[in-house]
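A.B. asks: Structure of the sequence below:
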Amino acid sequence: MPALFKTAAARQDARVIGVVGFAHGTSHFFHLLLPPLFPWLMRDFGLNFTEVGALMTIFFIISGVGQAAAGFAVDRFGPSRVLMLGVTCLALAGFTLATATHYSMLALSAAFAGLGNSVFHPVDFTILNRRVSPERLGHAFSVHGLSGNLGWAAAPVFMAGIAGVWNWHVSGFAAGLLATVVLLLLIWQRDLLHVPLVHAHTERGVQSDAQAGAFAFLASLGVWLCFAFFLVTTLALGALQNFGPALLHNMYGLSLVTATSGLTAYMLGGAAGIIAGGFLASRGGGHDRVIVMALGLSTLCASVMALGVIPSWSVLGVMAVLGLGVGIAGPSRDLLVRHAATAGFGKAAFGRVYGFVYSGLDLGFAVSPLVFGPMMDHGQYAAVLGGVALLQGVSILTAMGVGSRSRFMRRAAVGAS
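C.D. replies: Numbers count the residues shown, from 1 in each chain. Just a heads-up that it's a prediction; the model follows:
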C-alpha cells in the first residue's frame, strides 16, 4: 500500500483517510461508553439488566433517527461543521457520565452519545467520496472500517480499566477529555475536511432538488435495498456481539473465557478481512460479487455452527473465518452504496443517502436483542445461530439487488446521454 501514496496528491489522500479514520474510531469507541461500566452502574444505582439495557436502546434510537437527519445537514451545511458538532456531543456524553448522580443523567449521557454518533457515516463518506481519488477509495473504506473495529476494541479496556483503578466517574471524564482532544485535532486539520457544497442543479445529468425534491432518493429501490442490507447484516452482528459468548458456552461447552475469546476471534478475523477487502475493492467493479462470495463464506460458517456438526476445538477458528467474510465484504459494501447514491442523485445527495441507508445499522442493533433475546432465554441456541446464517443469506440477496440496480441505472444514464 505505501506505493499508492508516492505523489503529493496521494499523500494528501492518505492524510484525509487518516483523519477521517481516526474520527470514526472515536465514534465506535463511544458505542461502548456505557456497557463496560454496567457492573459499577448497576451496583451504585441499584439497576437491573433491563434498565441498563434501556440506555443502549436510547443510544441507538437517537443515533438512527439522527443519522437520517444528519445526512440532510451534511448536504446543506457541509460535513466538517456537522462532524465537529457530533464530536462535541460525544465530549458532552463523557462529561455528563462523569457527573451523573441519577439514572436520568445516565440516560442523558446515552442520548448525547447517540446524537454524536449519528453524524459520522454521512460525514465520513461524504468527505472520503469527495476528497479521495477514486482509485484509492477501496483502501479509504478499508481504513474507515478497520478504525471502527479498533475503537470497539479500545473502549472496554479504557473504560473498565480506569474504573477498576479509580472509579467510573473518572472513566467518564477521561472519555470526555478524549473526545475533546479529537475535536481539537479536527479543528487543526479542518482544511483537510473541507468539501465545497454542491447543488444538485449544477451536476450534469442529475435532476435538481427543486424538480425532484429533497426526499426523492426515498423513491429509489436501490437506496431501500442498501438500507435493507445494513439492517439484516447488523441484526446478525448484534446477535453475535450481544450473545456470542453465551451461545458458544451453552452450545459447545466452552468455558466462559474461551467462549469470550470466540468473539475476539470474530473481531480479529473481521479486521483482517477489512484489510484484504480494501485491496479487492480497489481492483474496481464487481463489488456485489465480492460481497456475495465473502458473505457466502460467512453464511456457511454460521450454518455449520448452527447444525452442531463441528468439534468444539474448531469453534474459534470458524468464528474467525465468519468474521473474515464479513470484513472482506465491508469496503465493497461501501463502494456499492456510493454507486447507488451517484446512479440517480449525484454528489449533492451523498450525505442524505449515506445517512439514510446507514441508519439501518442503528435499527439493526436496536432490534437484534429484541429478536434474539427471547430465543436465548428459552435455550434456543442453535436457532439463534441459524437466524444469523439466514440473515447473512438475505444480505447476499440484497447486495445482488443493489448491484444489478446500479448497473441498470448507469446503463440508462449512458443511453440518455
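A.B. asks: Only C-alpha atoms from now on, for both contacts and neighbour counts.
C.D. replies: OK.
A.B. asks: isn't G86 right next to S118, touching?
C.D. replies: Yes: at 7.4 Å, G86 counts as touching S118 under the criterion of C-alpha atoms under 8 Å.
A.B. asks: neighbour count winner among the two?
C.D. replies: S118 (31 against 26; other C-alpha atoms under 10 Å).
A.B. asks: Report the contact partners of the more buried one.
C.D. replies: Residues near S118 by C-alpha atoms under 8 Å, 6 or more residues apart in numbering: I62, S63, G64, V65, G66, Q67, A68, A70, G86.
A.B. asks: The same query, at a cut-off of 6 Å, please.
C.D. replies: S118 sits next to S63, G66, Q67 when contact means C-alpha atoms under 6 Å, 6 or more residues apart in numbering.
A.B. asks: Narrow the residues you listed to those in helices?
C.D. replies: S63, G66, Q67 (DSSP state H).
A.B. asks: Low-confidence stretches in this protein?
C.D. replies: For the chain, applying pLDDT under 70 flags the ranges 1-6, 197-214, 284-285, 338, 340-350, 403, 405-417.
A.B. asks: switch the cut-off to 50
C.D. replies: Counting by pLDDT under 50, the chain contains low-confidence ranges at 1, 200-211, 414.
A.B. asks: can you list the domain ranges for it.
C.D. replies: Domain assignment for the chain, taken from automatic domain parsing, gives 8-195, 209-417.
A.B. asks: Work out the gap between the longest one and the centre of the chain.
C.D. replies: Here the centre of mass of C-alpha atoms in domain 209-417, compared against the chain's by C-alpha atoms, centre = their mean, to the nearest Å, lies 10 Å away.
A.B. asks: Got the phi and psi for R289?
C.D. replies: phi -70, psi -40 (degrees, to the nearest 10).
A.B. asks: scratch that, G138 is what I was asking about
C.D. replies: Backbone torsions for G138, taken as degrees, to the nearest 10, come to phi -60, psi -40.
A.B. asks: mind listing the helices in the stretch 1-150 of the chain by residue range?
C.D. replies: Here the stretch 1-150 of the chain has its helices, by DSSP state H, counting those that start in this stretch, at 8-31, 38-45, 49-77, 79-98, 103-117, 120-131, 137-165.
A.B. asks: Could you dump those helices into JSON lines with distance to G278 added?
C.D. replies: Converted to JSON lines, the helices of the stretch 1-150 of the chain look like this (distance: least, C-alpha to C-alpha, whole Å):
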{"stretch": "helix 8-31", "distance to G278": "13"}
{"stretch": "helix 38-45", "distance to G278": "35"}
{"stretch": "helix 49-77", "distance to G278": "25"}
{"stretch": "helix 79-98", "distance to G278": "24"}
{"stretch": "helix 103-117", "distance to G278": "24"}
{"stretch": "helix 120-131", "distance to G278": "14"}
{"stretch": "helix 137-165", "distance to G278": "5"}
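A.B. asks: Can you tell me which of the ones you listed is nearest to F243?
C.D. replies: For F243, the closest of the helices of the stretch 1-150 of the chain is helix 49-77, at 13.4 Å, according to C-alpha to C-alpha.
A.B. asks: Which helix or strand contains the most centrally placed residue in the chain?
C.D. replies: Centre of the chain computed as the mean C-alpha position; nearest residue by C-alpha atoms, centre = their mean is L361, 6.5 Å away. Using DSSP states H and E, the element containing L361 is helix 350-377.
A.B. asks: Identify the residues contacting F229.
C.D. replies: Here F229 is in contact with S395, T398 (C-alpha under 6 Å, 6+ apart).
A.B. asks: From M375, how far off is it?
C.D. replies: Distance, F229 to M375, using C-alpha to C-alpha, to the nearest Å: 23 Å.
A.B. asks: now H144
C.D. replies: Going from H144 to M375 by C-alpha to C-alpha gives 33 Å.
A.B. asks: just L218 next, same as before
C.D. replies: 34 Å.
A.B. asks: Let me know how buried G114 is, in neighbour terms.
C.D. replies: Neighbour count of G114, defined by other C-alpha under 10 Å: 31.
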